[in-house]
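J.: below: sequence and its predicted model.
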Amino acid sequence: MLEFVNGFKLLLSIVYLPCSYTDAYESELLEILGFIEQCVSCNPADGVILLGDMNFEWASTSVGGRLFASLAEELKLTCCADLGFNQINRTYYQESSGNCSVIDHVFVDSCLSYSVSKYEIYDEFVNLSDHFRVVCCLVTAQL
């Protein structure tokens, strides 16, 4: 929990969700999403940010996308990719196969969506990871 000088309390959660190629994927993901829901409900905050490697495309019909969309709706979370910034084409790139996808996301509470001033990929450095940094900036004066 982050508390700003003006008293605004922000619950920040960083996640790494499992990949969808296991038989137990759906039950594992439901357990994780239930834990996230419990953390949010047990820690009253003025705003919530949920971000990380989610291992699914946001607008997809995948099991992960559908299950997370249900939680996002319940918690009134908005994907920053839906806020009208330049489209991000990839957050993950595997050089050996050429596979790429957008599986890293930032979701903000609906009360914070107006505070997002930037949402983009930062790849202006030597990157030893197969993921790109996702940058999301908030105007804190509006909190």
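T.: Right, received. Where do you want to start? Residues are numbered from 1 along each chain as shown.
J.: as a quick check, tell me the outermost residue of the chain.
T.: Among the C-alpha atoms of the chain, the one farthest from their average position, using C-alpha atoms, centre = their mean, is that of residue 96, at 26.1 Å.
J.: how close does that one get to residue 51?
T.: Residue 96 sits 27 Å away from residue 51, taking C-beta to C-beta, to the nearest Å as the criterion. Heads up, the C-betas are built off the backbone N, CA and C, glycines and all.
J.: tell me where this structure has strands.
T.: Taking DSSP state E as the criterion, the chain carries its strands at 2-3, 9-16, 47-53, 77-79, 92-94, 99-101, 104-109, 116-122, 133-138.
J.: can you list the neighbours in contact with the lengthiest helix in the chain?
T.: Taking DSSP state H as the criterion, the chain has its longest helix at helix 25-42. In this structure, residues lying in contact with helix 25-42 by C-beta atoms under 8 Å, 6 or more residues apart in numbering are 11, 13, 15, 17-19, 22, 48, 50, 63-64, 67-68, 71, 74-75.
J.: any quick PyMOL command for the buried ones out of these?
T.: Those of the contacts of helix 25-42 that count as buried under 16 or more other C-beta atoms under 10 Å are selected in PyMOL with:
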select buried, resi 11+15+17+18+48+50+64+67+68+71+75
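J.: which residue in the contacts of helix 25-42 has the weakest pLDDT?
T.: For the contacts of helix 25-42, the model is least confident at residue 22; its pLDDT is 87.
J.: what sits closest to that one if chain neighbours are left out?
T.: Leaving out its chain neighbours, the residue that sits closest to residue 22 by C-beta to C-beta, 6 or more residues apart in numbering is residue 28, at 7.3 Å.
J.: thinking again about what came up before, report the mean confidence score over the longest helix of the chain.
T.: Averaged across helix 25-42, the pLDDT comes to 97.
J.: just the buried residues of it, please?
T.: Neighbour counts over helix 25-42 (16+ other C-beta under 10 Å) mark 25, 29, 32, 33, 36, 40 as buried.
J.: could you check how far the first one is from residue 63?
T.: The one in question is residue 25. From residue 25 over to residue 63 (counting by C-beta to C-beta), the distance is 7 Å.
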